[in-house]
Structures are given as structure tokens and as C-alpha cells.
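A.B. asks: fold the following and give me the result.
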Amino acid sequence: MELLMGVPQHHREIFEHVDSYLSKRFPYGIESLMVSLPSNIEEIKDKFPIFKLEDNFPYKLAKMYEKKGTRIIPGCGPIRSNPFDSILSSVLWYLSDTYVTHLTGERHLNTINNQDPQVVVVGVQQANYIKRNLPKVEYVVMHIAPRTFPEMIGQVVVNPFKPTQIITLKQ
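C.D. replies: Numbers count the residues shown, from 1 in each chain. This is a model prediction of the structure:
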């Protein structure tokens, strides 16, 4: 892995900045990119249109780079195909991605070890987990400068772990 990037995946504004950074950093393209998506995302997106993937940061990034010829590596395991299990799995996947970093962090590490992506772009919490387990990897954090007190608290709680570089964007 050449680059680990931690981003606040739930901010739409950051998408263009991440793409711009990656395009400058890798002007000849990215061979492989790992993002926080379930391995069967294409299967479940048709079954559950309630999940608006066109607004989903990892999905948008994956689709954009797939069009550029990048091999996309989903960093999470599959979501079950049984409708009840799938909805439950989707909710748990989201919650674990947001609150229970250890579960997705382990999956990400397994995927990194098995697939060897060139670039990994995941949420800051997951990136922190990966950095703790792979301390020599270059780690860039991109975040948006907080405007409100709750946003400031959120930035303290999700403090990057020994990043190589922090890129702060204004809202």
C-alpha cells in the first residue's frame, strides 16, 4: 500500500478534494483502490433502492475511479441476500463503520493483506485502526474545519493517529 487516506465520508463537499488530491498525487492513475463498501454492493443496490448510493462517498469514489480503469477493492464483507438479514446487515455495517471501528478495521486489514491495494480511502476511525496496525504506511488525513462546537468535539473524538499529513478544508 502506497497511501492510506482518512476522510470524513459523510461530507459531500470533500469528494472533489479527495479526487483532486489523488489525481495530483497519482497523475498516471491508480492501479487499485480500496474503499469501505461491502463486497456485494452491486447486488444489494438493486434490491434496496432505499440506500441512495449516488450520495454515498465510497460508492461515488469507487465508480469514478472504476471508470478511470482503477481496480476497485471493497473493504468490507458481503451483506446477506435474505431481505431481513440484508437490511439488518446494512444497518449493522453502517453502525460498525461509524461506531464499532474494530469490526470493520479487522475486515479492512484482512482485505489489505489479501488484495494489496495501492491506495486505501476509508473513514478516519478505520484509517486510525489501520495505521496502528501498519505503522509504516503513509497516512494522509483530510478533514473539514469545524464551524460549530459539536463539530469541534467530533474532531477531538476522531483525532487522527500519527498522520503523515493533515489537510484541513474550510466549509
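A.B. asks: okay, CA-based contacts and neighbour counts for the rest of this
C.D. replies: Noted.
A.B. asks: ranges for the strands of the chain?
C.D. replies: 3-7, 32-38, 71-76, 119-123, 139-144, 165-169 (DSSP state E).
A.B. asks: out of those strands, nearest to Ile130?
C.D. replies: strand 3-7 (8.3 Å; C-alpha to C-alpha).
A.B. asks: burial count for Asn110?
C.D. replies: Residues lying near Asn110 (other C-alpha atoms under 10 Å) number 14.
A.B. asks: per-residue confidence for it?
C.D. replies: In this model, Asn110 is scored at 89, pLDDT.
A.B. asks: same deal with Gln118?
C.D. replies: 98.
A.B. asks: identify each of the helices in this structure and give its residue range.
C.D. replies: Applying DSSP state H to the chain gives helices spanning 14-25, 41-47, 57-67, 83-98, 101-115, 124-133, 149-157.
A.B. asks: wait, which of the strands of the chain is closest to Pro58?
C.D. replies: Relative to Pro58, the nearest member of the strands of the chain by C-alpha to C-alpha is strand 32-38, separated by 5.7 Å.
A.B. asks: the closest one pairs with which strands, and in what direction?
C.D. replies: Using DSSP bridges, strand 32-38 pairs in its sheet with strand 71-76 (parallel), strand 119-123 (parallel).
A.B. asks: now the angle from it to strand 3-7?
C.D. replies: 40 degrees (axes from the mean of the first three to the mean of the last three C-alpha atoms, to 10 degrees).
A.B. asks: pull the residues that contact strand 32-38.
C.D. replies: Outside strand 32-38, the residues that touch it by C-alpha atoms under 8 Å, 6 or more residues apart in numbering are 58-59, 62, 65, 70-79, 108, 117-123.
A.B. asks: what about Asn159, distance to Asn133?
C.D. replies: 16 Å (C-alpha to C-alpha, to the nearest Å).
A.B. asks: comparing the strands paired with strand 32-38, which comes out most buried?
C.D. replies: Looking across those with neighbours counted as mean count of other C-alpha atoms under 10 Å, the highest average goes to strand 119-123: a mean of 25.
A.B. asks: am I right that Pro74 is in contact with Glu42?
C.D. replies: No. Counting by C-alpha atoms under 8 Å, Pro74 stays clear of Glu42, with 10.8 Å between them.
A.B. asks: before we move on, the earlier item: tabulate the strands of the chain (a markdown table), appending distance to Lys24.
C.D. replies: What follows is those, written out as a markdown table (distance: least, C-alpha to C-alpha, whole Å):
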| stretch | distance to Lys24 |
| --- | --- |
| strand 3-7 | 13 |
| strand 32-38 | 15 |
| strand 71-76 | 19 |
| strand 119-123 | 14 |
| strand 139-144 | 14 |
| strand 165-169 | 14 |
